[in-house]
Structure formats: C-alpha cells, structure tokens
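*Asks:* what follows is a predicted protein model with its sequence.
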Amino acid sequence: SSSSASSVNADDGAKKTVHQLLPIEEAVKRVLHPELVARLDHDASLKDQLVHRWRRMLHQLLPLGGMSEGNDVTLYNNGDEMYQAMWAAMEAAQHTIRFETYIWEMDAIGKKTMDILKAASERGVDVTVIYDSFGSFMRLSQNNPDIQRLMEMGGTVIDFNPIVRAPWKYWRHAMFR
C-alpha cells in the first residue's frame with residue numbers, strides 16, 4: 001500500500017492532515033505519464049510488472065522504519081572531505097550502517113566504499129545499502145559481483161526507484177513536471 005494526505009477541517013475549525021492508504025496500483029498511476037497509465041489499463045503484463053516492482057521496493061523499505069531523532073548535519077566544501085569523513089564513520093561503525101546514494105558506480109570511489117561496507121559486514125555490522133536504480137542505471141545492478149558478495153555476507157541491498165522499460169517520453173513527463 002501507499003499513502004496519500006489530504007487536509008480536512010477539524011471540529012474546532014483548524015486544518016488537520018489525514019492520511020489514507022491507497023492501493024499500490026493507484027499510487028503508481030499518480031506518478032506516471034497519462035499515456036503510460038492508459039497503457040496499463042490495456043496491458044495486464046506491463047501493469048503486473050510495474051506493480052510487482054513497486055511492491056517489492058516498498059516491502060524492502062518498510063523494515064527501515066520512519067524518521068529518526070538526534071541527527072547531525074555536516075556541510076563539506078568538496079567531495080574529498082565528504083568521502084574521507086564518510087569512510088571514517090563507516091570504518092568506526094559498530095552496530096549499523098545505512099548508506100543511501102543516487103548514483104553509484106564501481107569506479108575507485110565506489111569500489112573503496114564497497115570494500116569498507118563489506119569489511120563492516122564481516123565484523124558484524126548490520127549494513128543496508130539503498131541505491132537509486134534510475135540514477136545508477138547502466139552503472140550498477142543487483143547482479144554486480146560486489147553487491148552479490150555483500151548480500152551473501154548478510155548485507156541488505158535495495159534498488160530504489162525500480163526502472164520499468166518504457167519509452168523516454170513517459171519518464172520525461174514523470175521527472176520534469
């Protein structure tokens with residue numbers, strides 16, 4: 001399921017946000033190009049594929065929970081500073097690493113990050129990686145040997161924003177509206 005929010009007036013006249021659950025099929029239709037939505041009504045195979053991928057993604061994200069408290073934010077002037085700090089934090093982690101990224105490719109930085117994540121998993125740290133399938137398209141997949149090894153070691157790898165093979169004009173609408 002997915003949720004949708006709407007405002008209603010409470011008894012005291014104040015606005016109140018109400019969340020209602022939508023069937024996943026309806027939630028998916030809200031983010032797709034209208035022509036692709038029309039195709040879903042006539043192409044059961046495409047609809048089943050799309051709904052299956054989104055359901056799988058939501059099922060994988062559910063155990064991660066909601067918001068957390070007590071977080072800190074540090075701003076860096078460049079990627080070198082950021083990566084050094086991130087890698088140091090991962091190497092020092094004792095319990096949990098939650099790593100999320102939009103673009104991940106197995107260049108020198110991606111490989112070093114993966115090696116550190118695998119080492120953390122080997123020492124018993126609960127490692128979860130979430131990468132964006134669209135942002136990492138043609139760069140990384142669940143079939144990557146490093147991803148496979150991390151999962152064999154007990155790590156969780158989630159490819160968020162599953163890609164459905166559809167013509168670019170449909171994605172352009174979803175991304176730039």
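*Replies:* Thanks, I have it. Residues are numbered from 1 along each chain as shown.
*Asks:* now do residue 34, the pLDDT please.
*Replies:* Looking at residue 34, its pLDDT is 77.
*Asks:* likewise for residue 169?
*Replies:* For residue 169, pLDDT reads 54.
*Asks:* check residue 161 too.
*Replies:* pLDDT at residue 161 comes out at 68.
*Asks:* also residue 158?
*Replies:* pLDDT recorded at residue 158 is 82.
*Asks:* so it makes contact with residue 60?
*Replies:* Yes. Between residue 158 and residue 60 there is a contact under C-beta atoms under 8 Å: 4.4 Å. Heads up, the C-betas are built off the backbone N, CA and C, glycines and all.
*Asks:* give me the nearest residue to residue 109, chain neighbours excluded.
*Replies:* Once flanking residues are discounted, residue 109 sits nearest to residue 83: 6.2 Å by C-beta to C-beta, 6 or more residues apart in numbering.
*Asks:* burial count for the one you found?
*Replies:* 14 (other C-beta atoms under 10 Å).
*Asks:* SS state for it?
*Replies:* Of the three states, residue 83 takes helix according to DSSP: H, G, I helix; E, B strand; the rest coil.
*Asks:* for it, what are its contacts?
*Replies:* By C-beta atoms under 8 Å, 6 or more residues apart in numbering, the residues touching residue 83 are 109, 112, 113.
*Asks:* give me the secondary structure label for residue 131.
*Replies:* Residue 131 - assigned by three-state DSSP - is strand.
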